[in-house]
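Engineer: sharing a model that was predicted from the sequence below.
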Amino acid sequence: MIIKSKIKKNEEFNKREDYHKELYRKIEGISKKVHQGGGAKAIEKLHTKNKLHCRERINLLIDENSPFLEIGELTAYGMYEEYGGAPSSGTVFGIGKVSGRDCVIVANDATVKAGAWFPITGKKNLRAQEIAMENRLPIIYLVDSAGVFLPMQDEIFPDKEHFGRIFRNNAVMSSMGIPQIAAIMGPCVAGGAYLPIMSDEALIVDKTGSIFLAGSHLVKAAIGESIDNESLGGATVTTEISGITDEKMPDDKACIQKIRSLISKFGQNKTAGFDRIKPENPEYSIEEIYGCISEDPAKPYDTYELIARLTDKSDFDEYKPEYGKTIICGYARIDGWAVGIVANQRSIVKSKKGEMQFGGVIYSDSADKATRFILNCNQRKIPLIFLQDVTGFMVGSRSEHGGIIKDGAKMVNAVANSTVPKITIITGNSYGAGNYAMCGKAYDPRFIFAYPNAQIAVMGGSQASNVLLDIKLGQLKKAGKEISESEKKEFLDEIKKRYDEQTNVLYAASRLWIDGIIDPAKTREIISYSIELANQNPDIPKFNTGVIQT
């Protein structure tokens, strides 16, 4: 079925388009500032030491004129302000082509607290390793770090998902046959010294790179030995005496060229075999997505218009089109790749019984349909694309008596156990259990991105503030007290303000609930590249949902 657009480029379309473009411009402005790390002066100071900034290193490492899919660009945004902030959490990571091979690249930013690890930095590095393992991608570490940020050591050191998990993953990836190359381009201290040495190959830059369990100051304090860092663990010592690194490089540029040379000789691996044919453009410009999505998260819009601008030729083989209409399911191609699309329909629809159903809400019939569709995609080895704009599951006596929890559980079960790659794009709301059913971060999407208007929370600010007010009033009534209308308003405003801040997409990006905030006009290319990366892991486990209540 070719989707025929009904969009009219009128005043409402222009208003929506301007709104979403302006939102993304603001995100771009924040990104540019984040890219400066610790600032222009700090970068210039690196240059005086014959060192490159981490982003300069990455630009030299990836193939010329090739894209770099940065993950977690806005990690730690608005966090750690009491310590002066941590732009991009002091670590830049993403995926790019190196000598024609897709590689995960992780680079410490020495201009941010000397590349020290904050708690969220550990989470970000673990996400990098997770992506490498899930997609069987080589990983390159450009190491330049002072180690754990000591004032917060209790939040990064001892637990399962803390600092030590990085080194555990080094060992696991090596056993999986995933190549790991480390370049020591600055300090590499204490526990952090294990990361490059547990990699398969470790290079070190002369006069700037160093590696040791304890630096010269700690050595002096611990055992009274006086020695400088270069003599303790510099490039000459580690390549000629201890042998813990493999080769000494004269500078950053030479080191990067060596990495490119090493990767150019990697053999080719099998792929998953996801189907791809020659790509064709949609019938409508993808730039029109800005005008398709409502500027108000509470306002309905037709999700078919979004799909028409993502799929090749705007072609869509819809599954059960007359059933469970608040979720749209169907097969399509995006940039030539065969995909299964699960999307929340945001317009108001009529149910099979003729009742009006709210857009963005999951009803029993739509959950049932989505569950069956997910089973089909797993049976046929078709990657799943979730276009998430969901306010949750339907509530009320009719839904509860109809078994909404049971039907919702079926869908959540299918999403949780799905073994084909899942790629999630949050195009608007992401509330409550709807976040789970539509493959939120907890359900292991290979990649998860969001539009600048996205909002993620257990519920919206207005609903939350009213629920909490009712609870507070009930408590006061039991205590024989009352509050004035002005106090009620103050309470509501305070709760709503806090929720609005926490539901903002920047809040989600800073905490790695999503991999990044994307330009809606780049949705097709990001989905395509995500499937290309997922295709590099040939091992797709057998699909089994376990027990599902019928």
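Structural biologist: Looks like it came in fine.
Engineer: so what touches the longest helix belonging to the chain?
Structural biologist: Longest among the helix segments of the chain by residue count, using DSSP state H, is helix 11-34. The contact list for helix 11-34, computed with C-beta atoms under 8 Å, 6 or more residues apart in numbering, reads 7, 73-74, 77, 87-88, 288-295, 451-453, 506, 517, 519-520. (Glycine included, C-beta is placed from N, CA and C.)
Engineer: only alpha carbons, please: show that helix as PDB.
Structural biologist: Included here for helix 11-34 are C-alpha records, laid out as PDB according to Å, rounded to 0.1, in the frame of the first residue of the first chain:
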ATOM      1  CA  GLU A  11      -0.600  27.900   8.700                       C
ATOM      2  CA  GLU A  12      -0.800  24.900  11.100                       C
ATOM      3  CA  PHE A  13       1.800  23.000   9.100                       C
ATOM      4  CA  ASN A  14       4.100  26.000   9.100                       C
ATOM      5  CA  LYS A  15       3.600  26.600  12.800                       C
ATOM      6  CA  ARG A  16       4.600  23.000  13.600                       C
ATOM      7  CA  GLU A  17       7.500  23.100  11.200                       C
ATOM      8  CA  ASP A  18       8.900  26.300  12.800                       C
ATOM      9  CA  TYR A  19       8.400  24.900  16.300                       C
ATOM     10  CA  HIS A  20      10.300  21.700  15.700                       C
ATOM     11  CA  LYS A  21      13.100  23.300  13.700                       C
ATOM     12  CA  GLU A  22      13.600  25.900  16.500                       C
ATOM     13  CA  LEU A  23      13.800  23.100  19.100                       C
ATOM     14  CA  TYR A  24      16.500  21.300  17.100                       C
ATOM     15  CA  ARG A  25      18.400  24.600  16.600                       C
ATOM     16  CA  LYS A  26      18.500  24.900  20.400                       C
ATOM     17  CA  ILE A  27      19.900  21.400  20.700                       C
ATOM     18  CA  GLU A  28      22.500  22.200  18.100                       C
ATOM     19  CA  GLY A  29      23.600  25.300  20.000                       C
ATOM     20  CA  ILE A  30      24.000  23.200  23.200                       C
ATOM     21  CA  SER A  31      26.000  20.600  21.200                       C
ATOM     22  CA  LYS A  32      28.400  23.100  19.800                       C
ATOM     23  CA  LYS A  33      29.200  24.300  23.300                       C
ATOM     24  CA  VAL A  34      29.600  20.700  24.600                       C
END
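Engineer: mind listing what's buried in it?
Structural biologist: Residues of helix 11-34 classed as buried by neighbour count (16 or more other C-beta atoms under 10 Å): 16-17, 19-21, 23-24, 27, 30-31, 34.
Engineer: quick revisit: filter the contacts of helix 11-34 down to the ones in strands?
Structural biologist: Using DSSP state E, residue 517 are the members of these that sit in strands.
Engineer: in helices, which of the contacts of helix 11-34 appear?
Structural biologist: Those of those lying in helices (DSSP H): 289-292, 506.
Engineer: count the residues that sit near residue 224.
Structural biologist: Other residues near residue 224 come to 7 when the count uses other C-beta atoms under 10 Å.
Engineer: helices along the stretch 151-300 of the chain, start to end?
Structural biologist: Taking DSSP state H, counting those that start in this stretch as the test, the helices found in the stretch 151-300 of the chain are 164-176, 194-197, 216-223, 229-233, 235-236, 252-264, 289-292.
Engineer: to residue 110, which of those helices lies closest?
Structural biologist: helix 252-264 (11.4 Å; C-beta to C-beta).
Engineer: counting by contacts, list what the closest one packs against.
Structural biologist: Judged by 3 or more C-beta pairs under 8 Å, 6 or more residues apart in numbering; DSSP states H and E, helix 252-264 is in contact with helix 54-61, strand 91-98, strand 101-108, strand 180-189, strand 201-205, strand 247-249.
Engineer: moving C-terminal of the longest helix of the chain, what's the next helix or strand?
Structural biologist: helix 40-48 (DSSP states H and E).
Engineer: what does that next one contact?
Structural biologist: By C-beta under 8 Å, 6+ apart, helix 40-48 touches 36-37, 52-53, 110-111.
Engineer: most neighbours among these, which one?
Structural biologist: Neighbour counts for those (other C-beta under 10 Å) peak at residue 110, which has 29 neighbours.
Engineer: nearest residue to it in space, please, no chain neighbours.
Structural biologist: residue 144 (4.4 Å; C-beta to C-beta, 6 or more residues apart in numbering).
Engineer: cool, and residue 51?
Structural biologist: Residue 51's closest residue in space is residue 208 (C-beta to C-beta, 6+ apart), at 5.5 Å.
Engineer: let me see the contact set for that neighbour.
Structural biologist: 49-51, 185-186, 252.
Engineer: mind giving me the ChimeraX command for buried ones among the residues you listed?
Structural biologist: Those of the contacts of residue 208 that count as buried under 16+ other C-beta under 10 Å are selected in ChimeraX with:
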select :51,185,186,252
